[in-house]
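S.K.: A predicted structure for the sequence below; I have some questions about it.
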Amino acid sequence: MNFYITTVLVYAGVDIIACLALNLQFGVSGIVNFSFIVFQAAGAYTAAVLSMPPSADMSGEQIYVLGLQLPFPIPWIGAALVGGLLAIPVGLVVLRRLRSDYQAIAMLVLSVIATTVITNARPFLNGAAGLSSVPQPLSENLNPLSASYGYLYVAITLVCCLLVLFVSYRIVNSPFGRTLRAMRDNELAATSLGKNPVALKMTIFIVGGLIAGLSGGILVGFITTWAPSTWLYPETIILFAAVIVGGRGNNLGAILGALLVPVGFEEVTRLIPSHIGAFEPPVGLVPALEWVAIGLLIIGFLWFRPRGVLPEARHVFRGGPTEETHWVQSGRGS
Amino acid sequence: MLVAREVHRHFEGMHAVDGVSIDVLPGRITGLIGPNGAGKSTLLAVLAGTLPATSGTIVFEGRDITHLPAYKRARLGLVRTFQLPSEFARLTVIENLMVAAPRHKGESLHGALLGKRYWGEDEERLVTEARGLLARFGMTAKESDYAGDMSGGQKRLIEIMRALMLHPRLLLLDEPMSGVHPSVIGEIASYLEALRDEGLTICMVEHELHMVDRLCDPVVVMAQGRVIGRGSMGALRQQREVVDAYLVG
């Protein structure tokens, strides 16, 4: 039971961190980053190869680069840095010239390419089989199988969550966040007011990449394996669903979305019985229905509650008017 | 103040702006009129840098800005508004104004992470400045409403106030009376007159000819991407080519 609780809590923490990062990129800045999962994967692979022993020590079972056996927290720091560094070339290619709808398509294609390349380039990160037996942080001092280790991992994840929430809060509630929201609402108008949209997008894209990389580092340290099948492009769609359901542009909405969609769905489907009386559903039906439900959830929210459960907060300044008065007699659009 | 010479803008063979040369004189409202498709808004976009010129030169206050991107031109004080409402819909009215202000300490990532103690003073100064503009344009009561919920006329005023937050040297207005209730048109004209009297230079595309008559001198007439006349409205009414192309009726 302890293992189940700690697993759920760590997954929740990782999803919260990822959703906060995606909220900064998509909810606040309007960047439709359909390759988000690639940055999480980059972080996970980096943390793995920084903490694993050299590939030569694995008697040919796994082939991968680096294998530096670095102590905690260096692999996690490396994971975040690689996530951020990866955002630079991707951002420079995708965000500089393409319109936002084409940016989304380019990101999606990038995600598919990345999975295909890593799957087929085995000497790099062990191909489709992926990496396993990734050393857990502090495992040389503590027993990773003990309950106390599980709770320690939850505590470290929680600290990371709070750190990311602090950064997100500072950004969203600052003039910088206001400028990002303006760019999201009307990029051309923001440009004509002296804002450099490429610089703004690149900045928040790199910040999002750093945070996504960190989330990957945390996750791989806990589950100790990482393979291309864990970061296929639909995983990004789940995170988008979470941010849309929770409330775009609202940090608390992103947290709520993370708890409702990736964590909630995963846990609810566990409760579905493997057979109902004599009827035994075909293998793979439940996961397939899960995807149908995610799709319906996104469409439903975009249709009926586009701003999510917790909509973006209205920023009101002290001393402002509280009552609405009508300035012109004509109605909207006059 | 702004000198454009032989400016061309082509779209795959279509000459939207075809060798236009104009001078925008300081402290005046220069009107830009012409039939639909004459290239007025394209010219305004080229002057603001929203669209790059295919060829020609644009000099602003003695500096060649032909190849400068729009955001850098805005930082020099060359600020434009748009033909269609371009408010930041999910920002409040006062936020629409404050976001325009340049050189805010909290507008960088580093400033944002340092927190309100670092940028709070700048913010308070801006709130005061924005409230001053809201009071002047009669929109104090709308401060905390979403800009997207405003009427057409209010959105036009938000755009003008937003541009003023940059302390522009030259304001390029693209049909500021378009889509606005007739009762508000006069009000916008009065604001523009007041801004001109304070020394602000304005270049304005407009179809409301009685307002052009009231506000603009000189007026430049365009048709099919070219300038076909310039001068006061009175003088233009005497030019046959201008009358045939635009002023009939």
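M.R.: The structure has been received and is ready for your questions.

S.K.: near chain B, which residues of the stretch 151-300 of chain A are found?
M.R.: A:167, A:170-171, A:174-179, A:181-182, A:184-186, A:188-197, A:203, A:207, A:249 (C-beta under 8 Å from any C-beta of the partner chain). Placement of C-beta: from N, CA and C, glycine included.

S.K.: can you tell me which residues contact residue 9?
M.R.: Assuming you mean chain A. Contact analysis of A:Leu9 by C-beta atoms under 8 Å, 6 or more residues apart in numbering or on different chains lists A:154, A:157.

S.K.: my question was about chain B, not that one.
M.R.: B:15-17, B:39, B:42-43, B:46, B:51, B:53-54.

S.K.: need those in JSON lines (columns: neighbour count and distance to chain A).
M.R.: What follows is the contacts of B:Arg9, written out as JSON lines (neighbours: other C-beta atoms under 10 Å in any protein chain shown; distance: C-beta to the nearest C-beta, whole Å):
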{"residue": "B:His15", "neighbour count": "16", "distance to chain A": "23"}
{"residue": "B:Ala16", "neighbour count": "21", "distance to chain A": "17"}
{"residue": "B:Val17", "neighbour count": "29", "distance to chain A": "18"}
{"residue": "B:Gly39", "neighbour count": "25", "distance to chain A": "19"}
{"residue": "B:Thr42", "neighbour count": "21", "distance to chain A": "14"}
{"residue": "B:Leu43", "neighbour count": "28", "distance to chain A": "15"}
{"residue": "B:Val46", "neighbour count": "24", "distance to chain A": "13"}
{"residue": "B:Leu51", "neighbour count": "18", "distance to chain A": "11"}
{"residue": "B:Ala53", "neighbour count": "22", "distance to chain A": "16"}
{"residue": "B:Thr54", "neighbour count": "15", "distance to chain A": "18"}
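
S.K.: and the two most separated of those residues?
M.R.: B:His15 and B:Leu51 (13.5 Å; C-beta to C-beta).

S.K.: distance of A:Pro54 relative to A:Pro287?
M.R.: Going from A:Pro54 to A:Pro287 by C-beta to C-beta, to the nearest Å gives 36 Å.

S.K.: with neighbour numbers in mind, choose between the two.
M.R.: More crowded of A:Pro54 and A:Pro287, by other C-beta atoms under 10 Å in any protein chain shown: A:Pro54, with 13 against 9.

S.K.: hmm, the more buried one is touching A:Gly67, no?
M.R.: Yes: under the criterion of C-beta atoms under 8 Å, A:Pro54 makes contact with A:Gly67 at 3.8 Å.

S.K.: so where is chain B shaky, pLDDT-wise?
M.R.: Segments of chain B classed as low confidence (criterion: pLDDT under 70) are B:247-249.

S.K.: now do the strands in chain B.
M.R.: Ranges of strands within chain B are B:2-11, B:14-24, B:29-33, B:55-60, B:63-64, B:78-80, B:170-174, B:201-205, B:219-223, B:226-231, based on DSSP state E.

S.K.: deepest of those strands, which one?
M.R.: Per-stretch averages of neighbours, counted by mean count of other C-beta atoms under 10 Å in any protein chain shown, single out strand B:78-80 among these, with a mean of 29.

S.K.: starting at the chain centroid, how far to that strand?
M.R.: Averaging C-alpha positions (C-alpha atoms, centre = their mean, to the nearest Å) puts strand B:78-80 6 Å from its chain's average.

S.K.: what's the domain layout of chain B?
M.R.: With domains defined by automatic domain parsing, chain B comprises B:2-85+B:166-247, B:88-149.

S.K.: can I get these in JSON lines including distance to A:Val261?
M.R.: Output for the domains of chain B, formatted as JSON lines (distance: least, C-beta to C-beta, whole Å):
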{"stretch": "domain B:2-85+B:166-247", "distance to A:Val261": "35"}
{"stretch": "domain B:88-149", "distance to A:Val261": "23"}
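
S.K.: closest one to A:Ile298 among those?
M.R.: Nearest to A:Ile298, of the domains of chain B and by C-beta to C-beta, is domain B:88-149 at 19.7 Å.

S.K.: so which strand or helix has the residue lying closest to A:Leu98 once chain neighbours are set aside?
M.R.: With C-beta to C-beta, 6 or more residues apart in numbering or on different chains as the criterion, A:Leu98 has its nearest non-adjacent residue at 6.0 Å, and that residue is A:Ala106. Under the criterion of DSSP states H and E, A:Ala106 resides in helix A:100-120.

S.K.: averaged pLDDT, that helix. What do you get?
M.R.: Averaged over helix A:100-120, pLDDT sits at 93.

S.K.: what separates that helix from the chain centre, distance-wise?
M.R.: So, by C-alpha atoms, centre = their mean, the centroid of helix A:100-120 is 16 Å from its chain's centroid.

S.K.: what's in contact with that helix?
M.R.: So helix A:100-120 is contacted by A:30-35, A:37-38, A:41, A:45, A:90, A:93-95, A:98, A:124-125, A:127-128, A:187, A:228, A:231-233, A:236 (C-beta under 8 Å, 6+ apart).

S.K.: show me what the helix or strand A:Ser215 falls within is packed up against.
M.R.: In the assignment (DSSP H and E), A:Ser215 maps to helix A:197-223. Secondary-structure packing of helix A:197-223 (3 or more C-beta pairs under 8 Å, 6 or more residues apart in numbering or on different chains; DSSP states H and E): helix A:2-22, helix A:36-51, helix A:74-94, helix A:147-172, helix A:175-185, helix A:187-192.

S.K.: cutoff 10 Å now
M.R.: helix A:2-22, helix A:36-51, helix A:74-94, helix A:147-172, helix A:175-185, helix A:187-192, helix B:70-76, helix B:109-114 (3 or more C-beta pairs under 10 Å, 6 or more residues apart in numbering or on different chains; DSSP states H and E).

S.K.: nearest to B:Asp217, of these?
M.R.: Per C-beta to C-beta, nearest to B:Asp217 of these: helix B:70-76, 24.7 Å.

S.K.: next, the buried residues of the closest one.
M.R.: Neighbour counts over helix B:70-76 (16 or more other C-beta atoms under 10 Å in any protein chain shown) mark B:70-71, B:73-76 as buried.

S.K.: same question for stretch A:221-240.
M.R.: A:221-224, A:226-228, A:230-231, A:233, A:235-240.

S.K.: just give me the closest of those residues to chain B.
M.R.: Nearest to chain B among the buried residues of stretch A:221-240: A:Phe240, at 18.5 Å, using C-beta to the nearest C-beta.

S.K.: which secondary structure element contains the closest one?
M.R.: Applying DSSP H and E, one finds A:Phe240 within helix A:234-246.

S.K.: which of the residues of the stretch 151-300 of chain A next to chain B are buried? Put it as a PyMOL command.
M.R.: Filtering these down to the buried ones (16+ other C-beta under 10 Å) takes a single PyMOL command:
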select buried, chain A and resi 167+170+171+174+175+176+177+178+179+181+182+184+185+186+189+190+191+192+193+194+195+196+197+203+207+249
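
S.K.: B:Ser190 versus the residue nearest to A:Leu98, what's the distance?
M.R.: 48 Å.

S.K.: more neighbours, these two?
M.R.: Using other C-beta under 10 Å, the more surrounded residue of A:Ala106 and B:Ser190 is A:Ala106, with 18 against 12.

S.K.: relative to A:Thr119, how far out is that one?
M.R.: 20 Å.

S.K.: again with A:Val82
M.R.: A:Val82 sits at a distance of 19 Å from A:Thr119 (criterion: C-beta to C-beta).

S.K.: who's more crowded, those two?
M.R.: Set A:Val82 next to A:Thr119 and count neighbours by other C-beta under 10 Å: A:Val82 wins out with 24 against 16.
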